[in-house]
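Trainee: what follows is a predicted structure for the sequence shown.
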Amino acid sequence: MKKLLRALVLFVSFPIFAQQGGMWVPSLLKGMNEQEMKSLGMKMSVADIYDVNTSSLKDAVPQFNGGCTAEVISAKGLLLTNHHCGYGEIQSHSTVEHDYLQDGFWAKSYEEELPNPDLEVTFIVSIHDVTKDILKGTEILTNEADKKALVQKNINDLQKSYQREAWQSVMIRTFFEGNQYMLFVTESFEDVRLVGAPPSSIGKFGSDTDNWVWPRHTGDFSLFRIYADKNNRPAKYSKDNVPYTPKHYFPVSINGVEQDDFTLVYGYPGSTQEYLPSFAVEQIINDLNPAKIEIRDKALKVTDGFMRQDQAIKIQYASKFARIANYWKKWIGESQGLKKSNAVTVKKSFEQEFLKRAKKENKMNEYGNLLPQFEKIYKDITPYAVSRDYFMEVVLRNNELLSVGFRLFQLENAYEKVGEQGFNDRKENLIKGLESLYKDYNKNVDQGIFEATIALYGTKAPQNLTPDAIKNKDYSALANTVYSKSALTSYEGLKKILNGKAVDVIKNLQKDPGYALAKELSNNYFENIAPSYDKMDLELDALQRTYMKAQLELFPDARIFPDANSTLRVTYGKVNGYQPSDAVTYSHVTYLDGVMEKYVPGDYEFDVPKKLIDLYNAKDFGQYADKNGKLPVNFIATNHTTGGNSGSPAIDAYGNLIGLNFDRVWEGTMSDIHYDPAICRNIMVDTRYILFIIDKYADAKHLIDEIKIVKSKENKKSKH
Ligand code: ARG
Ligand code: ASP
């Protein structure tokens with residue numbers, strides 16, 4: 001109970017207590033955070049972090065491929081991000097003959113840098129509050145769907161009309177669940193080439209066993225380079241493009257980090273849900289996470305079995321496996337953490353306090369009904385939400401034949417609307433788009449996944465919302481029928497069945513057992529699940545918007561930050577260890593010694609490359625060792641991060657790069673829903689380890705020469 005009270009007090013009365021986490025909008029740091037940042041040791045001003053008129057740190061921090069962050073670390077557009085963020089690109093250049101995942105890759109010159117047709121990085125030029133423009137006219141509307149439509153129209157209008165340069169784009173996002181809107185002017189570069197990557201035995205050391213875990217020993221980094229046209233503007237790939245000259249790039253510090261040092265992580269956190277009512281958290285713990293975990297558990301076991309037997313399958317499925325395994329493990333940790341930190345009870349106590357304040361402020365008319373309404377809708381929506389997750393996980397995310405079937409189902413549906421020509425255009429796009437899926441497709445693996453996951457869907461999803469086609473079946477026989485007869489098990493089969501006039505294509509598709517099943521599951525989703533789910537979900541959106549507004553109003557000192565929404569944010573804290581459980585204390589830094597302690601020769605997760613062992617034995621760490629002669633590998637701090645922050649720069653008090661963010665600790669993975677400053681930590685690669693690998697392991701001295709290395713504490717501000 002004491003713990004609960006403490007958490008509650010912390011939440012409602014910030015300034016008295018220790019720093020609380022939060023993901024802050026960089027253009028709004030001035031009044032909100034500057035003082036606290038300085039008290040934590042920051043020596044920069046907030047204008048050094050974000051400024052529109054002169055260059056600032058933000059000009060070196062693009063979003064990487066929509067889902068990660070990266071930072072520019074040289075005057076020639078050299079870009080640092082995680083190994084796991086560049087994984088798809090590294091994989092796409094790999095074959096069994098030259099396997100860059102296994103052996104690493106280092107371009108010796110610009111000419112050897114490898115282009116990536118689907119990769120782009122996006123910088124923020126400026127941020128503007130446009131709440132008034134977006135909410136214009138919505139005040140008088142009472143119907144939620146009408147409101148939503150008008151907001152969308154206002155967004156579209158402003159997006160079109162907003163002044164920008166020809167090569168720039170405009171993006172509008174909501175903050176505080178519909179209470180605030182921000183507009184971002186952005187610049188995207190599409191010619192981004194692979195420069196270097198360590199072997200997976202460094203870049204992914206510890207693999208899935210160590211994923212989400214501290215102590216950690218992973219060199220999770222890779223290097224890219226941004227290319228621009230002759231005027232330094234974004235351009236499609238061309239041999240004539242030149243390395244981009246950034247407005248700002250990070251000097252890289254090798255001074256090292258110590259306990260309590262100030263750290264700032266700058267990046268693009270994807271999504272959090274910090275302000276949910278207790279009923280939503282109960283639903284996550286009791287219903288949604290267990291269903292999703294069980295499905296992925298099955299899919300992963302099947303895939304792992306095949307990957308261990310066949311090197312080609314291992315390459316084909318490496319990226320997919322890592323993606324599926326990542327959130328599978330995260331949900332397990334999240335559920336444990338939510339239970340252990342009593343998140344539901346903490347939320348319920350908060351809700352009591354909320355009601356007390358609503359009464360005191362005479363706001364019961366407006367806010368008194370929120371919690372009972374939440375409770376009712378969360379109860380009603382749960383079977384639909386669970387069925388929806390079965391459909392999403394089984395059909396769209398884990399099984400590739402069914403996911404192709406779903407895309408074809410959309411194609412068939414489009415026919416009536418777009419006619420023969422539109423159908424053919426879409427069909428051609430789809431065929432092109434699916435080429436890369438089939439490049440890494442193996443029929444046997446997919447059949448195994450199908451059999452295991454369809455069985456779960458058929459037996460464990462709410463039965464009244466599950467179609468008969470998969471209820472009480474012999475799932476092995478079903479899998480055999482589908483995979484021996486369907487054309488969708490190969491790219492050739494797909495192209496063949498899509499060949500011809502629309503009516504004939506559609507007729508042939510109906511006869512395909514793989515397509516027929518995907519269609520039945522999709523129809524069931526759209527007819528029996530989505531309508532009710534979407535209706536209640538819209539009601540929840542509206543409630544959450546009001547609940548958010550109410551929290552902002554009734555807790556004026558709480559310094560509430562907006563949930564993550566894939567926009568640029570600043571989070572800051574201190575280098576610090578933690579106590580995960582009774583009598584256990586973790587310190588804040590790991591060393592190369594720990595890599596050697598974990599070393600298992602020949603193991604696919606814990607092997608160590610010979611050259612690294614030699615460097616370790618010779619203690620040949622160059623200028624990168626700490627004052628005790630040890631080589632630091634990873635460190636942790638109290639920055640509040642989430643998915644999307646991978647690849648984010650960890651910055652010291654002066655604006656130098658000291659680390660590369662890539663993960664969080666196991667006990668703190670619930671931070672997306674319930675942040676607990678005692679145990680939530682982010683994990684970073686120490687820049688000394690990164691430079692050591694580039695310099696001593698890869699011998700890529702030309703890259704070291706390109707980077708501005710900061711060696712002494714006196715070398716302060718990076719800017720001006
Ligand atoms: N957990 C980290 C994040 O969410 C790293 C994931 C990549 N590593 C892996 N073994 N799957 O992205
Ligand atoms: N590993 C995550 C990412 O890829 C970061 C996190 O969830 O902490 O963004």
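Mentor: On my side now, so go ahead. Ligands and ions are numbered 1, 2, ... in the order given.
Trainee: after the biggest helix by length in the chain, which helix or strand is next?
Mentor: For the chain, the helix that runs over the most residues, judged by DSSP state H, is helix 400-439. Next along the chain after helix 400-439, taking DSSP states H and E as the criterion, comes helix 443-460.
Trainee: so which elements touch that following helix?
Mentor: When contacts are defined as 3 or more Cβ pairs under 8 Å, 6 or more residues apart in numbering; DSSP states H and E, helix 443-460 packs onto helix 289-309, helix 370-390, helix 400-439, helix 475-485. Backbone N, C-alpha and C define where each C-beta goes, glycine included.
Trainee: contacts for it?
Mentor: Taking Cβ atoms under 8 Å, 6 or more residues apart in numbering as the criterion, the residues outside helix 443-460 that touch it are 291, 294-295, 298-299, 301-303, 305-306, 313, 317, 390-391, 393-394, 398-402, 466, 470-473, 475-476, 478-479, 482-483, 489-490.
Trainee: now the buried members of these.
Mentor: 291, 295, 298-299, 302-303, 306, 313, 317, 390-391, 393-394, 398-402, 466, 470, 475, 478-479, 482-483, 489 (16 or more other Cβ atoms under 10 Å).
Trainee: so residue 514 sits against residue 490, correct?
Mentor: No: the criterion here is Cβ atoms under 8 Å, and residue 514 misses it with residue 490 at 11.2 Å.
Trainee: will you turn the helices and strands packed on helix 443-460 into JSON lines that also has distance to residue 271 and mean pLDDT?
Mentor: Formatted as JSON lines, the helices and strands packed on helix 443-460 follow (distance: least, Cβ to Cβ, whole Å; pLDDT from 0 to 100):
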{"stretch": "helix 289-309", "distance to residue 271": "16", "mean pLDDT": "97"}
{"stretch": "helix 370-390", "distance to residue 271": "16", "mean pLDDT": "98"}
{"stretch": "helix 400-439", "distance to residue 271": "22", "mean pLDDT": "96"}
{"stretch": "helix 475-485", "distance to residue 271": "34", "mean pLDDT": "98"}
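Trainee: what comes up buried for the longest helix of the chain?
Mentor: Of the residues in helix 400-439, those scored as buried under the neighbour-count criterion (16+ other Cβ under 10 Å) are 400-406, 408-409, 411-412, 414-415, 423, 426-427, 430, 434, 438.
Trainee: angles on the backbone of residue 647, please.
Mentor: Dihedral angles of residue 647 (phi, psi; degrees, to the nearest 10) stand at phi 90, psi 0.
Trainee: and it, what is it in contact with?
Mentor: Residues near residue 647 by Cβ under 8 Å, 6+ apart: 64, 68-71, 80-82, 85, 267, 660-662.
Trainee: 10 Å instead?
Mentor: By Cβ atoms under 10 Å, 6 or more residues apart in numbering, the contact list for residue 647 reads 61-65, 67-71, 79-86, 220-222, 267-268, 660-662.
Trainee: around ligand 2, which positions in the chain sit nearby?
Mentor: If contact is defined as Cβ under 6 Å from any ligand atom, the residues of the chain in contact with ligand 2 are 68, 641, 642, 643, 644, 645, 646, 662, 663, 664.
Trainee: one more pass at 8 Å, please.
Mentor: Contact residues, the chain versus ligand 2 (Cβ under 8 Å from any ligand atom): 67-69, 82, 84-85, 269-270, 326, 330, 641-647, 661-664, 669, 682-683.
Trainee: which parts of the stretch 601-720 of the chain sit against ligand 1?
Mentor: Residues of the stretch 601-720 of the chain found near ligand 1 (Cβ under 8 Å from any ligand atom) are 643, 646, 662, 663, 664.
Trainee: check the burial of whichever residue of the stretch 351-500 of the chain sits closest to ligand 1 by counting its neighbours.
Mentor: For the stretch 351-500 of the chain, the residue closest to ligand 1 is residue 397, as judged by Cβ to the nearest ligand atom, at 15.0 Å. Around residue 397 there are 21 other residues, counting by other Cβ atoms under 10 Å.
Trainee: now do it against residue 477, distance only.
Mentor: Relative to residue 477, residue 397 is positioned 24 Å away (criterion: Cβ to Cβ, to the nearest Å).
Trainee: before we move on, what about residue 470?
Mentor: Here the distance between residue 470 and residue 477 works out to 12 Å (Cβ to Cβ).
Trainee: then residue 230?
Mentor: Using Cβ to Cβ, one gets 63 Å for the distance from residue 230 to residue 477.
Trainee: and residue 374, by the same measure?
Mentor: 44 Å.
Trainee: who has more neighbours out of the two?
Mentor: Using other Cβ under 10 Å as the criterion, residue 374 and residue 477 rank with residue 374 on top: 21 against 10.
Trainee: quick one: contacts for the more buried one?
Mentor: Residues touching residue 374, when contacts are defined by Cβ under 10 Å, 6+ apart, comprise 276, 277, 278, 279, 280, 351, 539, 540, 543, 544, 547.
Trainee: now do it against residue 498, distance only.
Mentor: 46 Å.
Trainee: ok, now residue 619?
Mentor: Taken as Cβ to Cβ, the spacing of residue 619 relative to residue 498 amounts to 61 Å.
Trainee: mean confidence (pLDDT) on stretch 87-99, please.
Mentor: Across stretch 87-99, the average pLDDT comes to 91.
Trainee: distance between the ends of it?
Mentor: Looking at stretch 87-99, the gap from its leading to its trailing residue is 12 Å under the measure Cα to Cα, to the nearest Å.
Trainee: and the nearest residue to residue 256 once chain neighbours are set aside, what pLDDT?
Mentor: The shortest distance from residue 256 to any residue other than its chain neighbours is 5.4 Å, reached at residue 626 (Cβ to Cβ, 6 or more residues apart in numbering). With respect to pLDDT, residue 626 has a value of 96.
Trainee: kindly report the same for the one 4 residues further on.
Mentor: You'll see residue 630 listed with a pLDDT of 98.
Trainee: could you give the number of residues near residue 67?
Mentor: Residues near residue 67, counting by other Cβ under 10 Å, number 14.
Trainee: ok, residue 56 - contacts?
Mentor: Each residue near residue 56 by Cβ under 10 Å, 6+ apart is listed here: 26, 44, 45, 46, 47, 48, 49, 50, 247, 248, 655, 719.
Trainee: any idea which of those is closest to residue 535?
Mentor: Nearest to residue 535, judged by Cβ to Cβ, of those is residue 26 at 36.9 Å.
Trainee: how near is the closest one to residue 304?
Mentor: Per Cβ to Cβ, residue 26 is found 41 Å from residue 304.
Trainee: any low-confidence regions in the stretch 151-300 of the chain?
Mentor: In the prediction, the stretch 151-300 of the chain carries no residues with pLDDT under 70.
Trainee: tally of neighbours for the closest residue to ligand 2 within the chain?
Mentor: The chain approaches ligand 2 most closely through residue 646 (2.8 Å), counting by Cβ to the nearest ligand atom. Counted with other Cβ under 10 Å, residues neighbouring residue 646 total 26.
Trainee: then the one 3 residues further on?
Mentor: Using other Cβ under 10 Å as the criterion, residue 649 is surrounded by 29 other residues.
Trainee: for it, give me the pLDDT.
Mentor: Looking at residue 649, its pLDDT is 99.
Trainee: what's the answer for residue 32, then?
Mentor: pLDDT, read off for residue 32, is 87.
Trainee: swap in residue 19?
Mentor: You'll see residue 19 listed with a pLDDT of 63.
Trainee: any chance of the helices and strands packed on helix 443-460 in TSV, with distance to ligand 1 too?
Mentor: Output for these, formatted as TSV (distance: least, Cβ to the nearest ligand atom, whole Å):
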stretch	distance to ligand 1
helix 289-309	11
helix 370-390	19
helix 400-439	19
helix 475-485	27
